[in-house]
Every structure is written in structure tokens, then in C-alpha cells.
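J.: would you be able to build a 3D model of this:
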Amino acid sequence: MTILIRIIKYIFPSKLITHHICDLVNQLTEQIVKKNYIFLSIENENKTRQFFHSTIEELIILYNHCPRNERNLYEIIFPTNLVKTYIDFEYYIDNNLDINDHCIGANCFLKILHYTLNSFTHKEDPNENYIDIVLQQFLVLEASTSRKISYHFIHANPTVLFENNMTLGVFIKILLHVLLTSIIQHKCSHFNIPFKLQKYSTFDLITILSPHIITLRKHCTKCYTFYSYTSISEIAYLLVMNKQNQYISAIDLNVYSKNQQFRLYDCVKRGQNNFLRQSPYFQFKQSIDNSYDTLLKKSIITYNVEHSNLQVVYLENNQFKFKYTDTQTGSLLSQHNQNIFIILNQYLKSHSIFEISNGKSSFQKNQFNFSQIYKPYTCINLSQQEEQKYTAFVQKLITSDENHLGCIQSCVRGTYNRDYLIFNITGNYRFCPRKGSHHKQNKIAVMIDTNKQIYTIRCKDHECNNISLTWNSF
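T.: Model (predicted):
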């Protein structure tokens, strides 16, 4: 039992702490959700996690009582949570030695986010540095080391909320896609490549740009896209080398999944000493209270009790729309043609490359379908005997290591090969065949070929890029 758990049990003797998210969810009621509880996970010494919920007042008390180096806390983001915009921006220094100023990419994307989320109310002040305007809204937390640049951007004083983090993820993916497309489409004396607008994936666009990144950074300092505050040169710093020396986005697109766990302010990963603190390069500039407790509150992505008056971005029929939390009428802000959401909706309409679970919004006024956060999975079109056979096999596989226990999240048939069964796994089972061990944060899927009676593990880590699958007999 960690010191943190002992402190929780001492201060809050009746507090429920579980070993699985599903066990926590099963104990919850609609009333708990509506009371604005924060849901948290604790990283244990053996890298497993335990889960509990807390009010903001209880969390502040816990911070005051817990030694700082024992504060291994993460916020759980459920699909029912309205969320502030948040970004995980990171890259490895040794693989990107040509980047002399690590603030360029971060500065660039912060300004683009601010413009995107404020274009319908934004007023320019010619006497003020634009990044200072941005930092009146965005809290930038940093946990960089000598090996890795690591920022969290949080829209601490938000102008809009998102219906959930998965809709936010679609928004970020399309925004990045628009930016990369606009870079390729621009032409100047240093950059002019043939490009026909097709249904390219983000990976395709990065592949096209990869041979030209250095040129873009060096020479396109006076080239601009739809947004005049950042140059093409600056946007090129959003693409960085991974450990395999392949260009990827510095924006981690894997942090918008169901039941995502995101490290809390002034907390640290077990066994490390890089606390997630306010960045010295991007100081929060709100004019009111900047106390420690205030920063903690504002950094919590799902704590939005003070923002009930804001519009919520939601997806309906594959289009972004806006709705107030206290009204049923939604509207597109089409009167502002410069609004980037118009461009994003055009992409959603014309590009079928973005994964959207359904065309209807999950956002409804004061309604929480909390029981669906961790509902039992269902296997489609399987006989009872088949379901029992394959489920038992996968269950045994993902619980074979007590330090890495997994849960079956869903099971679906293959789209192109109907002999395939794909078990999506959540929990702490993150084994990667290519790495030969468990990743810290990735998710995996167990794929079964029911015809050949073989199986494989598909790692979903974006840096691992495990495309070549190794199949094994049962």
C-alpha cells in the first residue's frame, strides 16, 4: 500500500478505492456525477493503478497532506465528461538536435488553438504581444527532462467546452490535418511540389512533407496559411522525429481515448522526479487569483462547474455544432466566415479518413448515461460456444501477469476479413511483441483468426508503429 493510499484512508476512512475502473464505475450513481466529482487514479509502486473519486475540496486537502514525491495522481476522463481543450506536446531531444529553440512549436500551436477557439469573439490589441493574450487563457504545464520536451496545454479559462474528449480528439486531428494540407498547398521560391487534394491521411501528409521539413523551417519564415500570426516555418516545428527517426506529430493524438488518464498538476510519475509544474517559458497571465489552489482547479480538465454558461462543441451528422448547456438549440457559427470551424466542417464533409464512432451527439442537457462508461462488451455474431472459447483464451492471456492485468473492452468482427475477431483491451495489459515488454500508456488489441486458429497482439502505440504482426498458435 502506497503512502498516498494510506493518507487517503486516514483522512477519508469511508473513501472507496478500487483496483479496476469498472469496479469504481459500478459503485457510482448519477447523483455522484452531477455533484462534479473528479475521478482519479493512483500509480502504485508495481506500476499498477487504483481508482477513486473526490470533490475538489477533498483533493486540495489531499494535496496539502501528501508528500510531493508521493503524489502520483492522474485524472480519469470519462466519455460523459465535458472537457476543456487539452494537448500533450512532446518530443525526444536527441532525435531532434536541429531544434535549437523548443518553444517554437509549442508557441505556434498555442496561438493557433487560441485563434481557433476565439475567432468568433477575438479582439486584437496592437500594443500587446499575442502570446501574452493566449496565456491569459491557456495554462502550460511542463515536465521536460534532459531527454524529452514535454508540455501539457490546458484551456484553463475556456471560451468553449467539448462534449467529451473523443470529440475534442476529432477536432485536434482535423485541425492538424488542415495545417499540414495548407503547408503542402503553399508555394514559394523554396517550396513548390505538385499536390492534388485527395483523401490523404495525416500519416500520408507527414510522409509527403518529411523530405522538406528542414527547408520549410529555414526558408518559409515569411510564408503564411489562413492564420497570419504563425508562419509556415513555425508550423513545420509541429513535426518531430521519433525514436525510429521518422517524422511524427509532436501533438500526441493518443490522449483522447475512452477513460483516458492524464497526469495532474504538480504530480510525478512513480520513480521519476520531473513534476508537472507551470512552465517557466509560458507563464499563466490571468489578472486575478493565481494561487496554488486556483491553478490546481483550473488545470483539471473535467472540473467545469464554473463554466456552465459556455457553449459546448459537439458532433452531429459528422459536423461540429455548438450548443449551450442550458438549451436544446444548436447552431453553427456560420456568420463568421473566417471561423476555422467552417473549414473543419468542410473537411469532415469531404474527407472520410477520420474515425467518428457515430453521426449523433452524445451531449444532452443534464443527462448522463454513466452506466455506459464501462458496460460489458458484446461479441457480434458468435455462438455461445465460440464466445466462451475465445473470451476465455483472451481473458487468460491478459490476466496472466498480476502486475499487468487487463480487461476486455469490446469485441468486433474484422471489417475485411470476417474470420478475424478483434478484442480491444483496456486496463494495465499493454504488452508489445515488438518491444518484448509492456508500454506505459499504449493500448493493445488481441486479434484471433478463427479459421486458422491463430492469434496475434496488435500494439497501438504511435511511436512503436507495429505493422508487421507475428501470429501464434493457441
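J.: next, find the distance separating D204 from M1.
T.: 49 Å (C-beta to C-beta, to the nearest Å). Any C-beta I mention is one placed from the backbone N, CA and C, and that applies to glycine too.
J.: sketch out the helices for this protein, chain order is fine.
T.: In order along the chain, the chain carries the following helices (DSSP state H): 3-11, 21-26, 30-34, 56-65, 103-118, 130-134, 165-185, 202-209, 213-219, 232-235, 292-299, 340-350, 384-398.
J.: lowest average confidence, helix or strand, in this structure?
T.: Taking mean pLDDT, DSSP states H and E as the measure, strand 330-331 is the helix or strand of the chain with the lowest mean score, a mean of 48.
J.: okay, now Y130: neighbour count?
T.: Y130 has 16 neighbouring residues, counting by other C-beta atoms under 10 Å.
J.: do S400 as well
T.: Count around S400 with other C-beta under 10 Å applied: 12.
J.: also the one 3 residues further on?
T.: The criterion is other C-beta under 10 Å. On that basis, N403 has 11 neighbouring residues.
J.: so it sits against E45, correct?
T.: No - counting by C-beta atoms under 8 Å, N403 sits too far from E45 to count as a contact (10.3 Å).
J.: worst mean pLDDT among the helices of the chain?
T.: The weakest mean pLDDT among the helices of the chain belongs to helix 30-34, with a mean of 58.
J.: what's the burial count for I398?
T.: Count around I398 with other C-beta under 10 Å applied: 24.
J.: then the one 4 residues further on?
T.: The local packing count at E402 equals 9, with neighbours defined by other C-beta under 10 Å.
J.: quick one: residues contacting it.
T.: By C-beta atoms under 8 Å, 6 or more residues apart in numbering, the contact list for E402 is empty.
J.: and the end-to-end length of stretch 454-472?
T.: This stretch, stretch 454-472, spans 5 Å end to end (C-alpha to C-alpha, to the nearest Å).
J.: tell me the bridge partners for Y151.
T.: F89, E142 (DSSP bridges).
J.: about what we covered before: more neighbours, D204 and M1?
T.: More neighbours surround D204 than the other of D204 and M1, with 14 against 10 (other C-beta under 10 Å).
J.: look up how far T456 lies from the more buried one.
T.: Look at D204 and T456: by C-beta to C-beta, they are 25 Å apart.
J.: now the helices of the chain as TSV including distance to R413?
T.: Listed next are the helices of the chain as TSV, based on distance: least, C-beta to C-beta, whole Å:
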stretch	distance to R413
helix 3-11	41
helix 21-26	24
helix 30-34	33
helix 56-65	42
helix 103-118	38
helix 130-134	46
helix 165-185	22
helix 202-209	25
helix 213-219	40
helix 232-235	40
helix 292-299	41
helix 340-350	26
helix 384-398	12
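J.: so which of these comes closest to Y256?
T.: helix 165-185 (2.6 Å; C-beta to C-beta).
J.: same question for that closest one: list its buried residues.
T.: 165-184 (16 or more other C-beta atoms under 10 Å).
J.: what does stretch 225-236 give?
T.: Buried residues in stretch 225-236, defined by neighbour count with 16+ other C-beta under 10 Å: T225, Y227, Y229, T230, S231, I232, S233, E234, I235, A236.
J.: farthest-apart pair in these, please.
T.: Across the buried residues of stretch 225-236 (C-beta to C-beta), the longest gap, 15.4 Å, separates Y229 and A236.
J.: start from the N-terminal end of the stretch 201-350 of the chain and give the strands.
T.: Assigned by DSSP state E, counting those that start in this stretch, the stretch 201-350 of the chain shows strands spanning 239-241, 247-249, 260-263, 277-278, 311-316, 319-324, 330-331.
J.: now the fourth one: mean pLDDT?
T.: Right, the one you point to is strand 277-278. Strand 277-278 comes out at a mean pLDDT of 96.
J.: which elements pack onto that strand?
T.: Packing partners of strand 277-278 (3 or more C-beta pairs under 8 Å, 6 or more residues apart in numbering; DSSP states H and E): strand 139-142.
J.: list the buried residues of the strand it packs on.
T.: Across strand 139-142, burial judged by 16+ other C-beta under 10 Å covers L139, V140, L141, E142.
J.: quick one, domains of the chain?
T.: 82-256+269-296+305-374, 384-473 (automatic domain parsing).
J.: tabulate those domains in TSV, adding columns for distance to R71.
T.: Compiled in TSV, the domains of the chain are given as follows (distance: least, C-beta to C-beta, whole Å):
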stretch	distance to R71
domain 82-256+269-296+305-374	8
domain 384-473	18
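J.: which of those domains has the lowest average pLDDT?
T.: If you rank the domains of the chain by mean pLDDT, domain 384-473 sits at the bottom with a mean of 80.
J.: quick one: C22 and C407 touch, right?
T.: Yes - shown here, C22 and C407 form a contact pair, counting by C-beta under 8 Å, at 6.3 Å.
J.: now H53: how far from I76?
T.: According to C-beta to C-beta, H53 stands 9 Å off from I76.
J.: how close does the nearest residue to E90 once chain neighbours are set aside sit to R277?
T.: In space, and not counting its chain neighbours, E90 is closest to S150: 4.6 Å by C-beta to C-beta, 6 or more residues apart in numbering. Counting by C-beta to C-beta, the separation of S150 from R277 is 11 Å.
J.: what touches both of those two?
T.: Going by C-beta under 8 Å, 6+ apart, residues that sit against S150 and also against R277 are E142, A143.
J.: more neighbours: these two, which one.
T.: Using other C-beta under 10 Å as the criterion, S150 and R277 rank with S150 on top: 20 against 14.
J.: residues contacting that one?
T.: D88, F89, E90, E142, A143, S144, N274.
J.: distance check, it against E43.
T.: Per C-beta to C-beta, S150 is found 16 Å from E43.
J.: check S410 too.
T.: 25 Å.
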